[in-house]
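S.K.: curious how this folds, go ahead:
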Amino acid sequence: MSIQSNYPYDLKKQVVEMFLEGYSAAELATKFEIKNQRRVYDWVEKVRAEGYSALNNSRGQKSKGKSKKKKTLEEEFELLKLENEYLKKLLDLKRG
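M.R.: This is a model prediction of the structure:
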């Protein structure tokens with residue numbers, strides 16, 4: 001694998017999956033010749049926030065302005081569960 005600044009989607013996905021399996025960012029950066037291990041953390045953060053599709057390279061594509069990211073039903077459900085738990089705890093604290 002050659003050193004480059006634009007990494008293919010498949011490599012990014014593999015690196016993120018291996019990181020989530022327990023490999024360190026330093027190990028992965030060395031193994032895949034990634035210039036900076038911080039890039040591994042960035043990819044992981046993107047995947048956690050937006051899913052694997054966020055790893056697709058959008059460089060060079062024209063901006064279509066800011067668009068609201070549509071949440072999947074599962075994401076919306078998880079957010080509502082968290083909000084519900086928070087409100088229950090808040091109510092319990094109020095009641096004493």
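
S.K.: list the buried residues in the regular element (helix or strand) spanning residue 10.
M.R.: When elements are defined using DSSP states H and E, residue 10 is found to belong to helix 9-21. Applying a neighbour-count criterion of 16 or more other C-beta atoms under 10 Å, one finds 11-12, 15-16, 18-19 buried in helix 9-21. C-beta here means a position set from N, CA and C on the backbone, and glycine is covered the same way.

S.K.: and it, what does it pack onto?
M.R.: Using 3 or more C-beta pairs under 8 Å, 6 or more residues apart in numbering; DSSP states H and E as the contact criterion, the secondary-structure elements in contact with helix 9-21 are helix 25-31, helix 38-50.

S.K.: for the longest one, packing partners?
M.R.: So that's helix 38-50. If you count contacts as 3+ C-beta pairs under 8 Å, 6+ apart, helix 38-50 packs onto helix 9-21, helix 25-31.

S.K.: show residues contacting the next helix or strand after it.
M.R.: Downstream of helix 38-50, the first helix or strand assigned by DSSP H and E is helix 73-95. When contacts are taken as C-beta atoms under 8 Å, 6 or more residues apart in numbering, the neighbours of helix 73-95 outside the stretch itself are residue 71.

S.K.: now the angle between helix 38-50 and helix 73-95, please.
M.R.: With axes from the mean of the first three to the mean of the last three C-alpha atoms, to 10 degrees as the criterion, the two stretches helix 73-95 and helix 38-50 enclose an angle of 80 degrees.

S.K.: what about helix 73-95, average pLDDT?
M.R.: The average of the pLDDT scores along helix 73-95 is 88.
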